[in-house]
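Trainee: Quick one, fold the following:
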Amino acid sequence: MIMSRRNLLTASAAASMAFGVSAVPGRTSNAARFSLAYAPHEGSFASRGGLIEQIAYAADQGFTAWEDNTARDRPIAQQEQMAKALAQRNMTMGVFVASMPKWGQSRPWLGSDDGAEREAFLADIRASIDVAKRLSASCITVVPGFVAPKIPIDIQTARIIDLMRRASDIVASQDLVLVMEPLNTLTDHPGVYLQTIAQGFAVARGVNSPSVKILADLYHQQIQAGNLIPTLETCWSEIAYLQFGDNPGRKEPTSGEINYNAIVRWLRARSFAGVIGMEHGNSLAGRGGEERLVAAYREIDRA
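Mentor: Numbering: from 1, shown residues only. Have a look, this model is predicted:
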């Protein structure tokens with residue numbers, strides 16, 4: 001009988017689950033640890049319980065990192081609880097968003113002459129330092145706003161470089177890296193300023209600081225520009241963090257068109273030791289989708 005790719009992945013997941021895993025905090029996992037630091041997030045394993053239970057379950061599947069875009073908005077007590085859970089399972093904290101754009105308003109315009117928006121952005125960066133320390137995070141995400149109308153794009157770029165230099169001054173002594181995330185405008189985020197990894201490379205080189213780098217979300221890059229591995233190769237010196245997600249649909253690897261096996265081989269050849277955020281949903285609902293998620297990452301991790 002010929003087994004479909006989806007059924008094969010689901011069967012593989014079920015076999016790995018039967019091997020003996022546990023979502024009990026502090027218990028040693030029987031699952032092999034992934035070779036790269038893939039980072040699930042709350043919702044990746046929603047059927048397993050709340051935030052802390054999902055962290056424990058992820059650790060039991062062999063994941064060694066965790067990501068939480070909204071961590072800054074959580075109550076301090078919950079941040080501390082999450083930090084404790086990650087430490088107990090020897091998991092690395094990935095990024096959270098340091099300054100969330102106003103998506104419905106298409107603001108801020110950080111390349112305009114609106115000083116108030118730039119100061120608010122910098123205030124968000126300052127407020128994120130304590131959160132990062134609490135969670136032992138080394139990278140925080142920033143989205144450099146939206147394109148301001150009627151202002152030449154080159155002028156906006158110069159102003160954003162100046163702003164990111166000021167942001168760098170805030171975090172430089174805190175062992176923190178601001179990772180700028182390019183987003184696609186064709187499917188998800190029309191009007192954002194930073195749209196490609198190559199554009200992020202130009203801004204990062206203009207800032208010229210080890211505290212300001214790029215978050216390379218390969219889902220967004222595939223939509224906006226494609227040419228993933230050559231772009232990573234060219235811009236690698238300014239990339240500090242990655243996120244995976246397949247296209248179309250923004251689901252787990254192997255669900256779409258991106259050859260994540262090749263991406264993983266490329267990263268392993270460069271001994272990449274950073275976090276890779278699993279910035280996507282599950283292609284199947286419920287526990288079947290969660291098991292397929294684990295199986296998909298097992299598949300690409302064997303590449």
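Trainee: Does the nearest residue to residue 46 once chain neighbours are set aside lie in a helix or a strand, and which?
Mentor: Spatially, and ignoring its direct neighbours in sequence, residue 46 is nearest to residue 54 (7.2 Å; Cβ to Cβ, 6 or more residues apart in numbering). No exception for glycine: its C-beta is placed from N, CA and C like everyone else's. For residue 54, the host element (DSSP states H and E) is helix 51-60.
Trainee: what about that helix, average pLDDT?
Mentor: In this model, helix 51-60 has a mean pLDDT of 98.
Trainee: Which SSE is immediately downstream of it?
Mentor: Counting by DSSP H and E, what follows helix 51-60 is strand 65-66.
Trainee: average model confidence for that next one?
Mentor: pLDDT averaged over strand 65-66 gives 98.
Trainee: again, but for stretch 208-228
Mentor: Stretch 208-228 comes out at a mean pLDDT of 98.
Trainee: would you list every one of the helices in the stretch 101-250 of the chain?
Mentor: Taking DSSP state H, counting those that start in this stretch as the test, the helices found in the stretch 101-250 of the chain are 115-135, 153-171, 197-207, 218-224, 228-235.
Trainee: List the buried residues in the shortest one.
Mentor: Right, the one you point to is helix 218-224. Residues of helix 218-224 classed as buried: 218, 219, 220, 221, 222, 223, 224 (neighbour count, 16 or more other Cβ atoms under 10 Å).
Trainee: And for the second one?
Mentor: For helix 153-171, burial by neighbour count (16+ other Cβ under 10 Å) applies to 156, 157, 159, 160, 161, 163, 164, 167, 168, 170, 171.
Trainee: what do you get for the longest one?
Mentor: Burial within helix 115-135, assessed by neighbour count using 16+ other Cβ under 10 Å, is assigned to 117, 118, 121, 122, 124, 125, 128, 129, 131, 132, 134, 135.
Trainee: Quick check: of those, which lies closest to residue 33?
Mentor: residue 135 (20.9 Å; Cβ to Cβ).
Trainee: Next one, pLDDT for the closest one please.
Mentor: For residue 135, the model assigns a pLDDT of 98.
Trainee: so it touches residue 93, yeah?
Mentor: Yes - with contact defined as Cβ atoms under 8 Å, residue 135 counts as touching residue 93 (4.7 Å).
Trainee: joint contacts of those two?
Mentor: Common neighbours of residue 135 and residue 93, counting by Cβ atoms under 8 Å, 6 or more residues apart in numbering, are 68, 83, 86.
Trainee: Output the host helix or strand of the second one in PDB with nothing but the alpha carbons.
Mentor: Going back to what we said before, that points to residue 83. Residue 83 is part of helix 76-88 when elements are defined by DSSP H and E. Taking Å, rounded to 0.1, in the frame of the first residue of the first chain, the C-alpha atoms of helix 76-88 are listed here in PDB:
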ATOM      1  CA  ILE A  76       5.100  39.700  35.700                       C
ATOM      2  CA  ALA A  77       4.100  36.700  37.700                       C
ATOM      3  CA  GLN A  78       3.400  34.700  34.500                       C
ATOM      4  CA  GLN A  79       6.700  35.800  33.000                       C
ATOM      5  CA  GLU A  80       8.500  34.500  36.100                       C
ATOM      6  CA  GLN A  81       6.500  31.300  35.900                       C
ATOM      7  CA  MET A  82       7.500  30.800  32.300                       C
ATOM      8  CA  ALA A  83      11.100  31.600  33.000                       C
ATOM      9  CA  LYS A  84      11.100  29.000  35.800                       C
ATOM     10  CA  ALA A  85       9.600  26.300  33.500                       C
ATOM     11  CA  LEU A  86      12.100  27.000  30.800                       C
ATOM     12  CA  ALA A  87      15.000  26.800  33.200                       C
ATOM     13  CA  GLN A  88      13.800  23.500  34.700                       C
END
